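Enquirer: Sharing a model prediction with you, sequence too.
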Amino acid sequence: MKAPVYRGSGYIPVFIITVCFLLTGLPLPASEPVTINPHDMRLLLGDRCETLEDKTGKLTLDRVITDEFSSQFRPSSHVVPNYGFTKSAYWVRCSLKNNSTKTTSRMLEVAFPLLDRVEFYLLDSGMGLVAYESAGRDYPFSKREVSHRNFVFQVSIPPGEVVYCYIRILTDDGMIFPINLWADFAFIKKVQLENLFFGIYYGIILVMIFYNLFIFLSIGDRNYLFYVLFIFFFGLFQMSMNGLSVQYFWPESTWWGKHANPVLIALSCFWAGIFSLKFLQMEKYTKRLNRTMQGLIAAGLLLAVISFKADYLYTVAAGQVLPVAMIVIAISAAIFSLKQGNRSARFYLIAWTVFFAGIILSALRVAGTIPHNLLTEYGMQIGSEIQMVMLSLALADRINIIEMENNMIQKHALAVEQEKVENLNRAKHEVEDAHAMLSLSEEKYRLIIEGSSDIIFTLDQDLNFITANNAIAQEFKLDPEKIAGLNFMELLYTHEIEQSMFELLAQEKLDEFMTSRKPVHFRAQFVSGIKNEPKEMQVHLEYIDIKGKNEILGKMSNIAEDSLLNYFVSEQQKYEIGNYLITADEITRRITRNLKKYLLQSDSRLIQLALREVIINAIEHGNLNISFEEKSAAIIEERYFALIHERQKAPESRDKRVTIEYSINSEKITYIISDEGEGFEHNEYLQTAASSVNSDLMPHGRGLFMTRNIFDEVTFNDKGNTVILIKYII
């Protein structure tokens with residue numbers, strides 16, 4: 001604080017005044033005194049005082065006024081000093097100067113009723129103690145000199161004199177202490193206005209309670225009961241926050257006067273949450289927020305219970321967070337419900353939004369961001385009052401909406417009944433006609449199914465046949481009357497050399513179908529009446545529900561012949577494919593579909609088998625770098641496709657491609673297949689007998705030797721990742 005400066009013909013340097021105070025042994029004045037003029041009705045002292053944090057909580061006035069601690073006071077920069085939740089005690093110091101010629105009497109108000117201990121010391125200009133008074137929630141209300149909800153102390157200042165006010169504050173609640181200095185009659189007027197405001201506020205709450213309780217008793221809608229319980233506990237909480245409950249309801253109960261706040265706000269949140277759940281029909285319109293609100297309701301009940309035993313510092317902090325979380329969820333739920341068509345959410349949304357705005361105004365006032373006035377000082381009360389009225393309107397609007405909906409339902413029901421009566425006779429004739437048509441339709445359906453050239457069948461969950469039409473006898477020489485119990489997999493063709501990649505791919509498709517339960521299409525090779533000659537067919541499977549039982553409806557169709565094959569002369573194409581086995585199978589069919597123009601079907605089939613083996617080898621052993629041993633182990637452990645998928649996603653192989661170039665004409669057939677792998681020692685491999693390479697006769701590993709027997713020329717590049725296959729047309 002600045003020392004006083006005396007002005008005349010010159011000035012006395014500040015350091016001389018400092019020396020004088022040191023010599024007299026008195027502490028330095030903290031700052032320029034607050035000058036009090038007779039016309040000053042109210043002075044805000046929050047930003048004109050100084051504060052000292054006492055972390056030990058043991059400092060006394062005698063020590064605080066010494067030089068050691070006097071110099072540690074720091075100016076307050078906020079109209080409402082706010083230090084949050086703290087275990088420290090705070091000392092507040094300010095000096096007041098009477099600028100009149102008469103003794104001035106003022107009321108010093110610490111305007112935050114949630115402080116546990118407020119000790120007021122009044123010192124004269126010689127630093128002698130003139131008055132002392134203690135108040136706060138730790139003391140009975142009857143001990144206060146001035147019977148007021150806030151802490152009010154009488155200050156008397158002689159004419160032209162300076163007095164020093166020291167206030168020690170300790171609390172488990174927020175360390176907030178707005179300090180006002182009032183003229184006596186201005187303070188009385190302020191109390192009168194407050195009483196008028198609180199009378200209106202709590203009067204409206206009582207009206208809302210009795211009005212909605214009466215409606216609940218009249219119509220039995222529990223939403224009204226939940227709303228009444230919410231505003232009852234919220235009203236008590238507001239009285240506790242305003243200090244009125246301590247003044248009027250429990251003035252001598254110091255423990256309950258302090259712990260009532262977290263209990264009441266917890267119960268307010270509990271009933272507000274239940275009201276919100278039921279009123280907004282959150283389970284119907286927003287299930288995720290419904291679960292969140294249920295959690296907050298449980299938290300409110302838990303907080304109400306543990307507030308009787310837990311540390312007040314923790315319960316009051318939880319009581320700050322819980323309402324904000326519940327308001328945010330309530331507003332979000334109202335928005336979602338409104339978008340979903342819940343008209344009752346309109347007033348509800350306005351109510352909670354206005355209340356939240358009131359809370360924000362009060363918080364900004366305490367933070368010093370916006371000025372003090374009636375709106376900002378009582379923003380929460382004003383917002384909550386509007387909220388209660390709007391929620392009451394929302395309940396009334398809900399009744400109107402329900403009544404309108406009931407009227408519409410009744411009108412619709414009458415119209416439906418009339419329509420039923422009008423349609424009853426017509427329906428009778430239609431049923432009779434339908435019965436006749438049904439008999440005819442069943443006969444037609446039987447003729448269509450049994451006359452179809454496609455195999456139409458049903459399977460159970462284990463892929464065993466239940467029924468099949470007559471086409472299965474034509475294609476597979478099986479009696480449809482004896483087909484029940486035969487497994488679908490038994491019809492798949494297995495080549496003695498390749499273990500049937502067709503079988504593996506078909507199994508993968510079936511596994512995908514059984515898992516996803518979505519319709520599936522694929523090609524597969526089946527046993528035929530001709531030995532060693534598979535029959536390739538298109539398969540379609542889908543789940544159906546027959547009298548509550550899940551069955552599989554299937555159809556197998558022959559692959560249509562290419563009608564343009566007679567006009568084919570030659571072709572030359574180039575493809576690049578990724579590392580997918582199903583693509584290898586499809587591309588093999590694509591690049592061999594015209595071979596039947598120049599080759600027998602059996603030879604075309606062998607070339608198709610060989611090409612599939614080469615392309616799959618390029619994918620597996622080339623691009624995906626899967627060794628013979630790894631593939632063998634994976635097939636034995638039934639994780640072959642899992643290994644393929646793992647390598648397909650690996651960074652070192654996912655972008656690699658297999659290139660296929662081919663040409664077909666009347667003289668020869670040429671295929672050039674390249675991969676982007678590391679290649680292999682093909683010369684050494686080709687010199688080794690098939691039996692020594694795969695002495696265990698495993699169902700893979702012999703594709704290269706099969707390829708050499710089918711094609712006239714098989715040539716590798718030096719690296720071993722490109723092969724040229726040539727078949728001459730004889």
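Expert: Here it is on my side, so go on.
Enquirer: Enumerate every residue touching residue 206.
Expert: By CB atoms under 8 Å, 6 or more residues apart in numbering, residue 206 lies in contact with residue 235. (C-beta placed from N, C-alpha, C; glycine too.)
Enquirer: how near is it to residue 638?
Expert: Taking CB to CB, to the nearest Å as the measure, residue 206 and residue 638 are separated by 75 Å.
Enquirer: do residue 305 as well
Expert: 56 Å.
Enquirer: So between those two, which is more surrounded?
Expert: With neighbours defined as other CB atoms under 10 Å, residue 305 and residue 638 compare such that residue 305 has more, 12 against 9.
Enquirer: So that one: helix, strand or coil?
Expert: For residue 305, the reduced secondary structure class is helix; criterion used: DSSP: H, G, I helix; E, B strand; the rest coil.
Enquirer: how does this structure divide into domains?
Expert: Using automatic domain parsing, the domain ranges for the chain come out as 24-187, 191-399, 455-558, 570-728.
Enquirer: In a strand, residue 575, correct?
Expert: Yes. Assigned with three-state DSSP, residue 575 falls within a strand.
Enquirer: so who does residue 715 touch?
Expert: Taking CB under 8 Å, 6+ apart as the definition of contact, the neighbours of residue 715 are 723-724, 726.
Enquirer: Restricted to buried residues, select those in PyMOL.
Expert: Buried residues within the contacts of residue 715, by 16 or more other CB atoms under 10 Å, are selected in PyMOL with:
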select buried, resi 723+724
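Enquirer: about what we covered before: what would the domains of the chain look like in CSV with mean pLDDT and distance to residue 409?
Expert: Output for these, formatted as CSV (pLDDT from 0 to 100; distance: least, CB to CB, whole Å):
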stretch, mean pLDDT, distance to residue 409
domain 24-187, 89, 52
domain 191-399, 84, 15
domain 455-558, 78, 32
domain 570-728, 84, 55
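Enquirer: Make JSON lines out of those domains and add distance to residue 418.
Expert: Formatted as JSON lines, those follow (distance: least, CB to CB, whole Å):
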{"stretch": "domain 24-187", "distance to residue 418": "67"}
{"stretch": "domain 191-399", "distance to residue 418": "28"}
{"stretch": "domain 455-558", "distance to residue 418": "35"}
{"stretch": "domain 570-728", "distance to residue 418": "59"}
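Enquirer: Looking at these, spot the one closest to residue 411.
Expert: Comparing the domains of the chain by their distance to residue 411 (CB to CB), the top pick is domain 191-399, with 18.8 Å.
Enquirer: Ends of the closest one, what's the gap?
Expert: Using CA to CA, to the nearest Å, the end-to-end distance of domain 191-399 comes out at 41 Å.
Enquirer: Kindly report the same for stretch 574-586.
Expert: From the first residue to the last, stretch 574-586 extends over 15 Å; the measure is CA to CA.
Enquirer: what do you get for stretch 240-258?
Expert: In terms of CA to CA, the two terminal residues of stretch 240-258 are separated by 9 Å.
Enquirer: longest strand of the chain?
Expert: strand 535-546 (DSSP state E).
Enquirer: Remind me what that strand packs against, helices and strands.
Expert: The criterion is 3 or more CB pairs under 8 Å, 6 or more residues apart in numbering; DSSP states H and E, and the helices and strands that strand 535-546 contacts are strand 455-459, helix 501-516, strand 520-526, strand 549-558.
Enquirer: right, so those: which one is the most enclosed?
Expert: When the helices and strands packed on strand 535-546 are scored by mean count of other CB atoms under 10 Å, the highest mean neighbour count falls to strand 455-459 (a mean of 20).
Enquirer: relative orientation of it and strand 535-546 in degrees?
Expert: For the pair strand 455-459 and strand 535-546, the angle between their directions (axes from the mean of the first three to the mean of the last three CA atoms, to 10 degrees) equals 50 degrees.
Enquirer: How about residues contacting strand 455-459?
Expert: With contact meaning CB under 8 Å, 6+ apart, strand 455-459 is reached by 449, 465-469, 471-472, 475, 483, 488, 537, 541, 544, 551-557.
Enquirer: got it, and stretch 649-657?
Expert: With contacts defined as CB under 8 Å, 6+ apart, stretch 649-657 is touched by 576-579, 622-625, 647-648, 675-677.
Enquirer: quick one: contacts for the closest residue to residue 667 other than its chain neighbours?
Expert: If you skip the residues right next to it in sequence, residue 667 has residue 729 as its closest partner in space, 5.7 Å away by CB to CB, 6 or more residues apart in numbering. Taking CB under 8 Å, 6+ apart, we find residue 729 in contact with 598-599, 666-669.
Enquirer: Highest neighbour count among those residues?
Expert: Of all the contacts of residue 729, residue 669 has the most neighbours under the rule other CB under 10 Å, reaching 23 neighbours.
Enquirer: May I have the phi/psi pair for that one?
Expert: phi -120, psi 130 (degrees, to the nearest 10).
Enquirer: what's the answer for residue 125, then?
Expert: Here the main-chain torsion angles of residue 125 (degrees, to the nearest 10) amount to phi -70, psi -20.
Enquirer: What's the separation between it and residue 349?
Expert: When residue 125 is compared with residue 349 (using CB to CB), they lie 59 Å apart.
Enquirer: Pick out whichever of the two has more residues nearby.
Expert: residue 349 (21 against 17).
Enquirer: All good on my end, thank you.
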